[in-house]
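Chemist: Compute the structure for the input listed below.
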Amino acid sequence: MDAKQHPLHGRRGLRVASMVLVGGLAVGACAGQGAAQSSGGTSEHGGKITLKFWNGLTGGDKATLDKLVGEFNASHKDIKVESNPMPWDVFYQKLLTSVGSGTGPDIVAMDSGQMPKYAHSGVLQPVDDFYSAPSSGSDKLVKYAVQASKFGGKNYGVPLETAPMLLYWNKTLFQKAGLDPNKPPTTMAQFEQYAAKLTKDTNHDGKPDQYALAMADHETAPAFPVVLWADGGGVVSQDGKKAMLDDPATVSAVEHWADLYRNKKVSPIGINGGDADKLFQTQKVAMEIVGPWDTSTFTQAGVNYGVSMPFAGSQARTTAAIVTSLALTSSNPAAKKAAYTFFSYWNSKQSQLTLAKGTGFPANRTDVTASDLKGYPYPAAFGAPQVLNSSQPFLPGLANGPVIQDQIFYPALQRILSGKGSVASVLKQANADVTKQLEQTN
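Modeler: Below is the predicted model:
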């Protein structure tokens, strides 16, 4: 999945879906409850079940998706999966009404952060019995990828792709700055030392010609939450019950980063995820925290880079992981059985090796090792045990998670970085707004 197509990275689609559901959650709930009685797009001909599969995989991973679906269809004569890829914003706009009218898909692939809204609306069916079946092989799946699709005590998804975020660093720019090109910063103190050498204003106009880091403040994958977690802060507590934006650790971390942005100029202000990618791709920044979807883009651009875990803060060395999950919309028992067969096939070790080698994403399984991926360094790096054990989804299990992210957290961050209010006052108001969102669904 390339940067332009990823559902969480620099994409308008996530914001559109958020706004559609904010205004129409109650309407969606009615549609979803009706959909629970429908069979979706399932059709049966001569004992063969056809599953309509909607997804937003229109980028670089489409070819691998098509390959795996084709291999599944060839090896399962009683099931046919029909993949229907579309842009993510179109996908989310069409899903509620199509399922409610009985003309929608039987299975979907979607960002796990979006799933609680659709589960809350009755569009998605629980899949806990998939995990309880020994034949599913789910005991080998990456733990955070399984947990990412839980809502209200039930699981509504099975991993399709996992995308931990790592620190990319430009080895050429490191070397030019007198730094070891093979040693990225591992601590916050090191990062600040490196940033002083990597931020350059060659024409002395007050604006760097080269930045140490590109970390976007809106329409982006969750890089900023990573640095908050590293210092013990966050947006919402891990159990999803308490807003954390006015927590002293969060306030302290944001004050520190506001100083780094505004006074040390380590990163440009006001950029989105696509802007950050472009800056790294054109070698105008030395570092970026981003997911595996950018490896092919940066490689094709001729950037000499490495990837590693983001640098540690005062409390932890951790990272965010984005999970795209398979989900069931049909209540038809035959469709459910066929869907579970496809879900198991997708997550088999052989299929996951095909996925990793074809896309650069890590495998969804813990038993796929670096030796299995010899010659494919990036899926091996993103799927390394240290990375998998230190990754967590951002705002999992929250029906209003996208609203909290796009309409509260990022606007507050932008106000702070632009100097439109003190850190403490902006975060206090944002914390109250997040609390209201949590009270609506908890």
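Chemist: going forward, measure contacts and count neighbours with C-alpha atoms only.
Modeler: OK.
Chemist: pretty sure Ala321 belongs to a helix, no?
Modeler: No. Using DSSP: H, G, I helix; E, B strand; the rest coil, the assignment for Ala321 is strand, not a helix.
Chemist: The closest residue to it other than its chain neighbours: how many residues sit nearby?
Modeler: Of all residues not flanking Ala321 in the chain, Pro164 sits nearest, at 3.9 Å (Cα to Cα, 6 or more residues apart in numbering). When counting by other Cα atoms under 10 Å, one arrives at 25 neighbours for Pro164.
Chemist: For Pro164, give me its contacts.
Modeler: Pro164 makes contact with Gly291, Pro292, Thr319, Ala320, Ala321, Ile322, Phe382, Val387, Leu388, Ser391 under the criterion Cα atoms under 8 Å, 6 or more residues apart in numbering.
Chemist: between those, which is closest to Phe361?
Modeler: Taking Cα to Cα as the measure, Phe361 lies nearest Pro292 of the contacts of Pro164, at 5.7 Å.
Chemist: Please verify my assumption that that closest one contacts Met165.
Modeler: Yes. Assessed by Cα atoms under 8 Å, Pro292 is found in contact with Met165 at 7.0 Å.
Chemist: Now for those two: what residues contact both?
Modeler: By Cα under 8 Å, 6+ apart, Pro292 and Met165 have these common neighbours: Phe382.
Chemist: Comparing those two, which shows the higher neighbour count?
Modeler: A direct count of neighbours by other Cα under 10 Å for Pro292 and Met165 places Met165 higher, at 29 against 25.
Chemist: And that one, how close does it get to Ala221?
Modeler: Distance, Met165 to Ala221, using Cα to Cα, to the nearest Å: 9 Å.
Chemist: which residues do these two both contact?
Modeler: Common neighbours of Met165 and Ala221 (Cα under 8 Å, 6+ apart) are Val290.
Chemist: Without its sequence neighbours, what residue ends up closest to the residue most central in space within the chain?
Modeler: Nearest to the geometric centre of the chain sits Ile322, at 2.4 Å (Cα atoms, centre = their mean). Spatial nearest neighbour of Ile322, excluding adjacent residues (Cα to Cα, 6+ apart): Ala163 at 4.9 Å.
Chemist: What about Glu288, how many residues nearby?
Modeler: 26.
Chemist: That one belongs to a strand, doesn't it?
Modeler: Yes. Assigned with three-state DSSP, Glu288 falls within a strand.
Chemist: Show me what it bridges to in the sheet.
Modeler: Tyr168, Ala214 (DSSP bridges).
Chemist: and it, what is it in contact with?
Modeler: Shown in contact with Glu288 (Cα under 8 Å, 6+ apart): Leu167, Tyr168, Trp169, Leu213, Ala214, Met215, Ala276, Asp277, Phe280.
Chemist: try 7 Å this time
Modeler: Residues near Glu288 by Cα atoms under 7 Å, 6 or more residues apart in numbering: Leu167, Tyr168, Trp169, Leu213, Ala214, Met215, Phe280.
Chemist: now the helices for the stretch 151-300 of the chain?
Modeler: 171-176, 188-198, 223-230, 248-262, 273-281, 295-300 (DSSP state H, counting those that start in this stretch).
Chemist: May I have the first one exported as PDB, CA atoms only?
Modeler: This file holds the C-alpha atoms of helix 171-176, laid out as PDB (Å, rounded to 0.1, in the frame of the first residue of the first chain):
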ATOM      1  CA  LYS A 171      22.300   8.000   5.600                       C
ATOM      2  CA  THR A 172      23.700  10.400   3.100                       C
ATOM      3  CA  LEU A 173      22.600  13.500   5.000                       C
ATOM      4  CA  PHE A 174      23.900  11.900   8.200                       C
ATOM      5  CA  GLN A 175      27.300  11.500   6.700                       C
ATOM      6  CA  LYS A 176      27.400  15.000   5.400                       C
END
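Chemist: What segments of this structure are strands?
Modeler: Ranges of strands in the chain, per DSSP state E, are 43-45, 48-55, 79-85, 107-111, 150-151, 154-155, 158-164, 166-170, 211-214, 285-290, 305-308, 319-328, 391-392.
Chemist: May I see those strands organised as JSON lines, with distance to Gly421 and mean pLDDT added?
Modeler: Converted to JSON lines, these look like this (distance: least, Cα to Cα, whole Å; pLDDT from 0 to 100):
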{"stretch": "strand 43-45", "distance to Gly421": "57", "mean pLDDT": "58"}
{"stretch": "strand 48-55", "distance to Gly421": "41", "mean pLDDT": "97"}
{"stretch": "strand 79-85", "distance to Gly421": "43", "mean pLDDT": "98"}
{"stretch": "strand 107-111", "distance to Gly421": "33", "mean pLDDT": "97"}
{"stretch": "strand 150-151", "distance to Gly421": "35", "mean pLDDT": "96"}
{"stretch": "strand 154-155", "distance to Gly421": "40", "mean pLDDT": "98"}
{"stretch": "strand 158-164", "distance to Gly421": "33", "mean pLDDT": "97"}
{"stretch": "strand 166-170", "distance to Gly421": "30", "mean pLDDT": "98"}
{"stretch": "strand 211-214", "distance to Gly421": "23", "mean pLDDT": "98"}
{"stretch": "strand 285-290", "distance to Gly421": "27", "mean pLDDT": "98"}
{"stretch": "strand 305-308", "distance to Gly421": "35", "mean pLDDT": "98"}
{"stretch": "strand 319-328", "distance to Gly421": "28", "mean pLDDT": "98"}
{"stretch": "strand 391-392", "distance to Gly421": "30", "mean pLDDT": "96"}
